[in-house]
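Q: need a structure here:
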Amino acid sequence: MTPEQLAAASKPAVLDLGDGFSRCPSTLRRARLLGISGWAFYISGRAGALGDVRAETAAAAIGFVAPDAVADGWDAAARVLPPVEVAAASLAECCRWGTEMLGVLPEVERLADLVERAVAAADASGMPLFAAWRAMPLPDHSPGARSAAGLRLLREHFTGAYLLAVRAAGMTPLEAVLAGPEGEAGAVACGWPPPYPAVGPLVRRRLWAEAVTNRLAAPAFAALGPADGTELVELLHHTRAGRT
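A: Purely as a prediction, here's the structure:
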């Protein structure tokens, strides 16, 4: 497979596994222990890697969540903890989840090695959240934790690439969400209020943006080479299947 094909084949598993920790009940309990809501923990835990920025900056970096919804979570968390502390807690939960859910799976150390190589080779240009997260120190170096943290980084890389591609396609983030598989339900979940624009004319642009996303993510997979890249795809799908 070409690097673009490897990126396309990896993407579904990366998007699922890279966000798996956020759906874990223990992660939500961590938010309550910090004294903030699950939404505030998600927003500040993700954008907090940028440091003490304004809500508008956090919203611009996240892209696909409505700015008002980002501001609600960001400001609520900031009244309790500095953003970087929420991000550190989020990373700790990601590593915990990885140790518990991925650490018991076969070949997890190989998965960690391949994912980390892809992350190290990825181009961070125009992707501030990915760059900020790649600079965050890892609190746990066990194979499961490394795999989970690396998958989270790859997910952030794919999301950042998609945001660039969407804007290059002449679409707004809201339009991209509406044209995606979840449609209006996805827009509601991301905090975008109706009324919504027509979806029909947007589908072709979204497909183009998906192809450009794979092209932007390809250098991370090119660094692995065809053999190791194919192995990573197989490990990702085995890991996803073994976790469910």
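
Q: average pLDDT for the top helix by length along the chain?
A: Secondary structure of the chain per DSSP state H: the longest helix is helix 143-168. For helix 143-168, the mean per-residue pLDDT is 98.

Q: Which strands or helices does the helix or strand that that helix is followed by pack on?
A: Using DSSP states H and E, the helix or strand that follows helix 143-168 towards the C-terminus is helix 173-179. When contacts are defined as 3 or more C-beta pairs under 8 Å, 6 or more residues apart in numbering; DSSP states H and E, helix 173-179 packs onto helix 143-168, helix 183-189, helix 203-222. Bear in mind the C-beta positions are built from the backbone N, C-alpha and C, glycine included.

Q: Let me know which of those is tucked in deepest.
A: helix 143-168 (a mean of 24; mean count of other C-beta atoms under 10 Å).

Q: relative to helix 203-222, how tilted is that helix?
A: Compare the direction of helix 143-168 with that of helix 203-222 by axes from the mean of the first three to the mean of the last three C-alpha atoms, to 10 degrees and you get 140 degrees.

Q: Return the set of buried residues in stretch 88-102.
A: Neighbour-count burial for stretch 88-102, counted by 16 or more other C-beta atoms under 10 Å, picks out 88-99, 101-102.

Q: Ok, stretch 114-125 next?
A: Residues of stretch 114-125 classed as buried: 114-119, 122, 124 (neighbour count, 16+ other C-beta under 10 Å).

Q: try stretch 106-116
A: By 16+ other C-beta under 10 Å, the buried positions in stretch 106-116 come out as 107-108, 111-116.

Q: min pLDDT across those residues, which one?
A: residue 107 (93).

Q: Please, which helix or strand holds the spatially closest residue to that one that is not a sequence neighbour?
A: The shortest distance from residue 107 to any non-neighbouring residue, by C-beta to C-beta, 6 or more residues apart in numbering, is to residue 235 (6.0 Å). Per DSSP H and E, residue 235 falls inside helix 225-243.

Q: so what does that helix touch, helix or strand wise?
A: Helix 225-243 sits against helix 3-17, helix 108-121, helix 203-222, with contacts defined as 3+ C-beta pairs under 8 Å, 6+ apart.
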